[in-house]
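**Q** Dropping the sequence and predicted coords here.
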Amino acid sequence: MDAQNPSVDGCRPAPSLRERKKEQARAAMHRAALELTSEHGSTCITVEQIADRAGVSPRTFFNYWHTKEQAILGHDPHRIAHLGTLLRERPGDEAPEDSMIVLSRAYIDTAPNDPELQEMRRAVLKREPALGHLSMDAANEVQWELIQIMHERLLEQSPDLGDDEAWQRAALVVLHAFASIRAAFVTAMRQNVSVAEALESIEAVRAAIIQERGARA
C-alpha cells in the first residue's frame, strides 16, 4: 500500500447492478423526504408519505432507514456502522493518520453527492435547527465509536503509551479527520465540486501545510 495514498486494499470494484439499484432507491427516498419537509415541515410528514413519493413501500423504507429523520438527513445507519468495521480491519501496523484517510473517503462515500440534494438539505437544516442538532448528534456518535476503536488500536501498536495518552491521540486523529470532512462539505458547496474532489483538495492543502512547517523547523 502506498503510504502517500492509502486505499482499501487496492482498486475499488465497480458497483453491481443490485448495488446501483439500492443506491437509486436510497437517493429517491432521501429526495422525497427533503421535498416533503420543504413543503410541509418535518413534523407534518410521515414515513408512508415519503415511501409513496419515492415509489417504494413502507417496508422497503425501513430496510434503509430507522426513522423519517434519517431519510431527511440522508444518514444511512447501515453504511455509517460499516466505518467501525472498516477501521478494525485496517492493517494493525498502519499509521493512525493513514487509517483515517481511508475512513474519511469511505465516510464521504456514504453521503449524498448530488449538489441539488445538498442544497435542499442545507435549506431544510437552516429552517429546522432541530434537525441540525440530530445531524450533529449522529456525527458525534460515529466519532465517539471511532475514537474508542482507534484507542484500542494505539494500545496494541504502542503499549508503552499508557491508556490516557493513547486515548488523547485517538481523539486528536479522529476529530482532525472529521474536521477535514466538514471542510470538504463546505468546499464542495462553495466551489460546486463533488465532496470527494473537495476532500482530495483538503488533503493536499493539509499535506502542503505540514511540509511548510517541516521546512521552517
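**A** Cool, the structure landed.
**Q** only C-alpha atoms for contact and neighbour calcs from this point on.
**A** OK.
**Q** So for this protein, the centremost residue is which one?
**A** Of all residues in the chain, the one closest to the mean position by C-alpha atoms, centre = their mean is residue 107, 3.1 Å from it.
**Q** What's the local residue count around residue 19?
**A** 11 (other C-alpha atoms under 10 Å).
**Q** where in this structure is pLDDT low?
**A** Across the chain, residues meeting the criterion (pLDDT under 70) sit at 1-15, 110-113, 217.
**Q** and the residue nearest to the centre of the chain, what does it touch?
**A** By C-alpha atoms under 8 Å, 6 or more residues apart in numbering, the residues touching residue 107 are 80, 83.
**Q** tell me the secondary structure for it?
**A** Secondary structure assignment for residue 107 (DSSP: H, G, I helix; E, B strand; the rest coil): helix.
**Q** what's the spacing between it and residue 82?
**A** Distance of residue 107 to residue 82, computed by C-alpha to C-alpha, to the nearest Å: 9 Å.
**Q** where do the helices sit along this structure?
**A** 17-40, 47-54, 58-64, 68-73, 77-88, 96-109, 115-127, 129-157, 163-191, 195-216 (DSSP state H).
**Q** Just name the most buried of those.
**A** Mean neighbours per residue, mean count of other C-alpha atoms under 10 Å, is largest over these for helix 68-73, with a mean of 22.
**Q** Does it pack against any helices or strands, and if so which?
**A** Helices and strands touching helix 68-73, by 3 or more C-alpha pairs under 8 Å, 6 or more residues apart in numbering; DSSP states H and E, are helix 17-40, helix 129-157.
**Q** got JSON lines for the ones you listed, with distance to residue 199 too?
**A** Listed next are these as JSON lines, based on distance: least, C-alpha to C-alpha, whole Å:
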{"stretch": "helix 17-40", "distance to residue 199": "21"}
{"stretch": "helix 129-157", "distance to residue 199": "17"}
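**Q** Go through the ones you listed and name the closest to residue 123.
**A** Nearest of those to residue 123, taken as C-alpha to C-alpha: helix 17-40 at 8.2 Å.
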